[in-house]
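Asks: Got a predicted structure here, sequence first:
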Amino acid sequence: PLTNSMKKLVALLIWTASSLAVLAQVPQQVKLDSLFDRLAEKDKAMGSMAVMKDGKITYTRAIGFCDYDARIPADALTKYRIGSISKVFTATMIFQLVEENKLQTDMTLDKFFPQVPNAAQITLDQMLCHRSGIHNFTNDSLYETYMTRPMSHEEMLQVIAAPKPDFEPGTKASYSNANFVLLGYILEKVTGKPYATLLQERITGRIGLKDTYYGGKTAAANREAASYTYLTGWIKSPETDMCIPGGAGALVSTPSDLVTFIRALFTGRLVSEQSLEKMKTLTDGIGRGLFQFPFESRKAYGHNGGIDGFLSSV
């Protein structure tokens with residue numbers, strides 16, 4: 001994984017670039033191009049970004065390589081693993097089912113997975129805002145021993161159910177990928193459809209996203225970027241098998257698709273205004289599938305992501 005200092009640097013770069021691009025005027029575009037040109041020239045960054053204003057893409061830029069070893073350059077259509085931004089998609093579909101009276105956020109986890117400790121006291125709402133106390137399996141040292149191999153739902157349930165809870169449900173917040181892996185499984189249980197199918201029917205097909213889907217093994221032929229970490233040079237990262245993060249982090253997308261998605265979410269095309277307000281409502285600083293970020297004098301909503309060597313923000 002990237003060092004903390006490198007993560008902070010990349011996060012700062014993403015946020016600075018996004019802030020510069022909001023006005024989407026020529027001077028900002030010149031500044032952004034200058035910044036990315038310099039990074040590309042010195043081979044210090046690889047990635048892609050897009051800016052949307054008033055429903056139109058006003059800026060895109062990609063630098064580096066889709067496959068560094070094969071010297072396949074990245075472009076605006078290169079697809080990346082988006083990690084925990086996947087949680088926004090999962091939360092969106094949970095609230096769609098709530099609106100359809102197929103789920104209630106006060107339902108308890110034991111209705112679906114009673115083997116998880118404290119399941120009878122954990123609500124879907126607590127899982128959405130990371131107040132369940134379910135241990136975050138990606139923090140464990142053993143995670144790296146199985147992250148690259150396929151794991152069935154049953155195997156993942158055993159991993160999630162094995163540790164003692166980190167705290168009693170509802171008493172505090174602590175970010176845990178286990179919450180959204182389980183929420184992804186619940187979507188499948190309630191609908192009888194695979195997550196990938198639900199994603200296409202409920203989100204990507206509805207709003208016309210062509211390059212967002214449940215990921216598999218990275219394929220350069222499909223314009224999917226491989227993952228790299230910069231040490232003394234670019235080193236290819238181990239590749240997580242996407243069956244493991246599931247609804248918590250298994251999606252692949254492009255920056256242009258992501259800004260289209262977040263606009264659709266905030267303009268009523270995917271959930272109701274009431275559902276969106278619940279998603280935005282913070283408890284101990286965490287919303288239901290959304291985070292809040294300072295944005296000069298205003299507030300911004302979205303999510304960040306990290307998986308293998310990928311870092312992302314929307």
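Replies: Looks like it came in fine.
Asks: how about the strands in the protein?
Replies: Here the chain has its strands, by DSSP state E, at 47-53, 56-63, 65-67, 72-73, 80-81, 213-214, 228-230, 234-236, 251-253, 291-295, 298-302, 304-307, 310-313.
Asks: okay, the ones you listed, which one's buried deepest?
Replies: Highest mean neighbour count of the strands of the chain: strand 80-81, a mean of 28 (counted as mean count of other Cβ atoms under 10 Å). Quick note: C-beta positions are derived from backbone N, CA and C, even for glycine.
Asks: low-scoring stretches of the chain, by residue?
Replies: The chain contains residues with pLDDT under 70 at 1-27.
Asks: Kindly recompute the last result at 90.
Replies: 1-32, 35, 39, 43-45, 230-233, 293-298 (pLDDT under 90).
Asks: Neighbours of residue 85, how many?
Replies: Close neighbours of residue 85, defined as other Cβ atoms under 10 Å, add up to 24.
Asks: Please tell me how far the residue lying closest to residue 50 once chain neighbours are set aside sits from residue 61.
Replies: Nearest residue to residue 50, sequence neighbours excluded (Cβ to Cβ, 6 or more residues apart in numbering): residue 255, at 3.6 Å. According to Cβ to Cβ, to the nearest Å, residue 255 and residue 61 sit 9 Å apart.
Asks: residues shared between the contacts of the two?
Replies: Between them, residue 255 and residue 61 share these contacting residues under Cβ atoms under 8 Å, 6 or more residues apart in numbering: 48, 49, 76.
Asks: Helices of the stretch 51-200 of the chain, residue ranges please.
Replies: For the stretch 51-200 of the chain, the helices defined by DSSP state H, counting those that start in this stretch occupy 86-99, 124-128, 143-146, 153-161, 177-191, 195-199.
Asks: what about those helices, which gets the closest to residue 105?
Replies: When these are compared by Cβ to Cβ, helix 124-128 sits nearest residue 105, at 4.0 Å.
Asks: what's the closest of the strands of the chain to residue 172?
Replies: strand 291-295 (16.7 Å).
Asks: residues making contact with the closest one?
Replies: Contacts for strand 291-295 (Cβ under 8 Å, 6+ apart): 15, 19, 280, 282, 285, 299, 300, 301, 302, 303, 304.
Asks: How about the last one, nearest residue that isn't a chain neighbour?
Replies: Read that as residue 304. residue 313 (4.6 Å).
Asks: What's the separation between residue 49 and residue 243?
Replies: To residue 243, residue 49 is 29 Å away according to Cβ to Cβ.
Asks: CA atoms only for stretch 220-236, dumped as CSV, please.
Replies: Provided in CSV are the C-alpha atoms of stretch 220-236 (Å, rounded to 0.1, in the frame of the first residue of the first chain):
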residue,chain,number,x,y,z
ALA,A,220,-5.7,-3.9,-20.4
ALA,A,221,-7.6,-5.0,-23.6
ASN,A,222,-10.7,-3.6,-22.0
ARG,A,223,-8.9,-0.3,-21.2
GLU,A,224,-8.7,-1.1,-17.5
ALA,A,225,-5.8,0.4,-15.7
ALA,A,226,-3.4,-1.8,-13.8
SER,A,227,-2.5,-0.7,-10.2
TYR,A,228,0.9,0.7,-9.4
THR,A,229,2.7,2.1,-6.3
TYR,A,230,5.6,4.5,-6.7
LEU,A,231,8.7,3.6,-4.7
THR,A,232,12.0,4.2,-6.6
GLY,A,233,9.8,3.7,-9.7
TRP,A,234,6.4,2.3,-10.6
ILE,A,235,5.9,-1.2,-9.1
LYS,A,236,2.7,-3.2,-10.0
